[in-house]
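Q: Provided below for reference: sequence and predicted model.
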Amino acid sequence: MLKTEPILLEELTTAGKRRFGVATLNAPDSLNALSLEMVRSLRPALEKWAQDPDIAGVFLQGAGEKAFCAGGDIRELYASLRETSNPPGEYARSFFAEEYQLDYLIHAYPKPFLCWGHGIVMGGGLGLMAGASHRVVTSKSRIAMPEVTIGLYPDVGGSWILRRMPGRVGLFLGLTAAPLNAADALFCGLGDFHIEAERRQEVLSALAATVWSGEERSDRAELSRLLARYTTSQGPVSKVREHFDLLNRLMAGEDLREIAARIAAMESEDAWLAGARSAFVKGSPTSAALAFELWQRVPHLSLAAVFRLEYLVSLGCCAHSDFIEGVRALLIEKDRKPQWNPPSLLEVTASLVESHFETRFQGPHPLQGLGS
């Protein structure tokens, strides 16, 4: 059987003879889970397009109709951790370093960058989407940072993203893995345009029919005008907006144990709130503590500084037991009965949290070149 290319690359010729780069995450069977191979294929293509004066912008999408990207390829990472006697190991170091470099490239991209966030967008998928200059969501978009359920934390810039949401909504989402729909994404600042999925080809055709100037600011404005023609106000209501005041009350204060007690005591017939409560109660206590610690540390940090900090914590999670146990329970053996260590938030010590921030690599920080 012929090996499938992890990333499909095309160039769309436009009316003014400039081109739009079109990149497709091409692993629909795994919901386009982002592997190291995919990262290593996508990043150089984006770098090449960034330097080409005849490329007007980039369109990033996922293959299939189910997902843009369901997150990083955790199975591959899990296998590498099981094979090393001293985790995190070289694969984990390379995977997270190169994933963060790719995400930062998108955040700092010098041309219009359109991400078509249709279907499932989770974890590493949100890491790709968050930095795009133009983020499209559809009525079938389902966005989440579910890391607390697998012993990780909202990584790939999640700490930076969650802190920039309205009120303390981001903290709630980071602790509970609550999913977001298109309306939620617009309210929380994760999406810019709501367009029906069936209109993707129309949008691509419109990109081709447009004369692009090659000047970044002008072309970004032109792309915004183009996408606005296809937006719709129809679709699901925003659960985050509906429960905004409640979420802020639940997340009030700077004591995680008090916040945890309020979440655990929450009773609601609303399925979205009930699901959020359940995910938190069943999730890794250490993951919750890490999400809260990062929430407190990042408000005044630059994006590059947040990425460098998160890189330490990602390797820290790989070196501790909860991440391996969470992946085993939810994705490998699928018994859905992870044995967290420690098993309760009361037993998560400050020293355990701090140990996740230790340096676990030799030499300079792999992300030192990202910026100030």
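A: Okay, I see it.
Q: Please make it C-alpha for all contacts and neighbour counts, starting now.
A: Noted.
Q: ok, the residue nearest the centre of the chain - contacts?
A: Centroid-nearest residue in the chain, with CA atoms, centre = their mean: residue 126, separated by 2.4 Å. Residue 126 is in contact with 69, 71, 143-145, counting by CA atoms under 8 Å, 6 or more residues apart in numbering.
Q: next one: residue 71
A: Residues near residue 71 by CA under 8 Å, 6+ apart: 32-34, 121-126.
Q: Skipping its backbone neighbours, what lies nearest residue 288 in space?
A: residue 175 (5.6 Å; CA to CA, 6 or more residues apart in numbering).
Q: In contact with the one you found, which residues?
A: 148, 280, 288, 291-292.
Q: Show the low-confidence segments of this protein, by residue range.
A: In the predicted model of the chain, residues 1-3 satisfy pLDDT under 70.
Q: If we use 50, what do you get?
A: For the chain, applying pLDDT under 50 flags the ranges 1.
Q: quick one: the helices in the stretch 51-200 of the chain?
A: Along the stretch 51-200 of the chain, counting by DSSP state H, counting those that start in this stretch, helices occupy 74-83, 89-107, 124-130, 158-163, 169-176, 182-188, 200-209.
Q: Could I get the buried residue list for the second one?
A: Think helix 89-107. 89, 91-93, 95-107 (16 or more other CA atoms under 10 Å).
Q: cool, and stretch 347-366?
A: By 16+ other CA under 10 Å, the buried positions in stretch 347-366 come out as 348, 353, 356-357, 360, 366.
Q: Now flag whichever of the residues you listed is closest to residue 116.
A: residue 366 (29.3 Å; CA to CA).
Q: is it true that that closest one touches residue 97?
A: Yes: applying CA atoms under 8 Å as the test, residue 366 and residue 97 come out as touching, 6.2 Å apart.
Q: nearest to residue 208, of the buried residues of stretch 347-366?
A: residue 366 (38.3 Å).
Q: The closest one looks like it's in a strand, true?
A: No: under DSSP: H, G, I helix; E, B strand; the rest coil, residue 366 sits outside any strand and is assigned coil.
Q: Tell me which residues are up against stretch 246-257.
A: Contacts for stretch 246-257 (CA under 8 Å, 6+ apart): 167-169, 171-172, 259, 262-263, 289, 292, 345-346.
Q: List the buried residues for that stretch?
A: Result for stretch 246-257 [16+ other CA under 10 Å]: buried residues 247-248, 250-252, 256.
Q: Can you check which of the helices of the stretch 51-200 of the chain gets nearest to residue 39?
A: helix 89-107 (6.3 Å).
Q: so what does that closest one touch, helix or strand wise?
A: If you count contacts as 3 or more CA pairs under 8 Å, 6 or more residues apart in numbering; DSSP states H and E, helix 89-107 packs onto helix 36-51, helix 74-83, helix 124-130, helix 303-319.
Q: which one of these is the most hemmed in?
A: With neighbours defined as mean count of other CA atoms under 10 Å, the helices and strands packed on helix 89-107 peak in mean count at helix 124-130, which reaches a mean of 27.
Q: How far away from the center of its chain is it?
A: Centroid separation between helix 124-130 and its chain, computed with CA atoms, centre = their mean, to the nearest Å, is 4 Å.
Q: Output that helix as PDB, nothing but the C-alphas.
A: Output in PDB follows, covering the C-alpha atoms of helix 124-130 (Å, rounded to 0.1, in the frame of the first residue of the first chain):
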ATOM      1  CA  GLY A 124      -3.000  20.700  19.300                       C
ATOM      2  CA  GLY A 125      -5.700  21.500  16.700                       C
ATOM      3  CA  LEU A 126      -6.600  24.600  18.700                       C
ATOM      4  CA  GLY A 127      -2.900  25.400  18.900                       C
ATOM      5  CA  LEU A 128      -2.800  25.500  15.100                       C
ATOM      6  CA  MET A 129      -6.000  27.500  14.700                       C
ATOM      7  CA  ALA A 130      -5.500  30.000  17.500                       C
END
